[in-house]
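[1] Pasted the sequence and its predicted model underneath.
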Amino acid sequence: MKIVTTPMCEEIVKLAGITDYVVNKFPDEEEGDLAILLSESKVEMESLPIKINTPAQVFESIKKVSKITGNELSDRDIQKFFEDYQLAKKYLNSSFKRDVNVKVYSEFLKDIVSDVGFNIVSDNFEYVIYPDYLKDNVIETENLIEIPSHNSISKNPFEKIEMRYAILENLI
């Protein structure tokens, strides 16, 4: 089976134990049998969509991808990947509820903001959280929190979580 993955998903593919794959931002340009890509991406070939915004999504994505190898990783094996990442580990199996009301300008950020325990509201918010690529669409002018998006951050999902969650934890 020829697997094609996007650059954003390559780390998950590696962690899942797959060594024979091709990386292409546009998987349909390759002669592949299966594309492993972010859930919001669309391709013509058969695909395995994954999410990697929150620690739980990264965990589940590694598990899901490892299943196709015929050598599915155990929960314990996957948890070891989180050991060197304090915030990813902290939010992996924890549920937080914080009294912070925020407005969010992106679907992928809603997952992260909810995971940190903030309340997503449209009125009476303390902060406006938006991805860097939507900066010009933000109409508010105060208490703005810009979060790095896919193009301006490490492709390593753990490093991405550490950076984004650290920004949000500073609001607590």
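    Done, it's in. Residues are numbered from 1 along each chain as shown.
[2] Now do residue 78 against residue 131, distance only.
    From residue 78 across to residue 131, the span is 27 Å (CB to CB, to the nearest Å). C-beta here means a position set from N, CA and C on the backbone, and glycine is covered the same way.
[3] For stretch 67-74, list every residue counted as buried.
    68, 73 (16 or more other CB atoms under 10 Å).
[4] Excluding chain neighbours, give the residue nearest to residue 6 in space.
    Once flanking residues are discounted, residue 6 sits nearest to residue 37: 4.7 Å by CB to CB, 6 or more residues apart in numbering.
[5] er, residue 3 I mean
    residue 21 (4.2 Å).
[6] same question, residue 24
    According to CB to CB, 6+ apart, the nearest residue to residue 24 is residue 30 (5.2 Å).
[7] close enough to count as contact, the one you found and residue 5?
    No - look at residue 30 against residue 5 with CB atoms under 8 Å: they stay out of range, at 9.9 Å.
[8] so what's the residue nearest the centre of the chain scoring on pLDDT?
    The centroid of the chain falls nearest to residue 53 when counting by CA atoms, centre = their mean (1.9 Å). Here, the pLDDT recorded for residue 53 equals 95.
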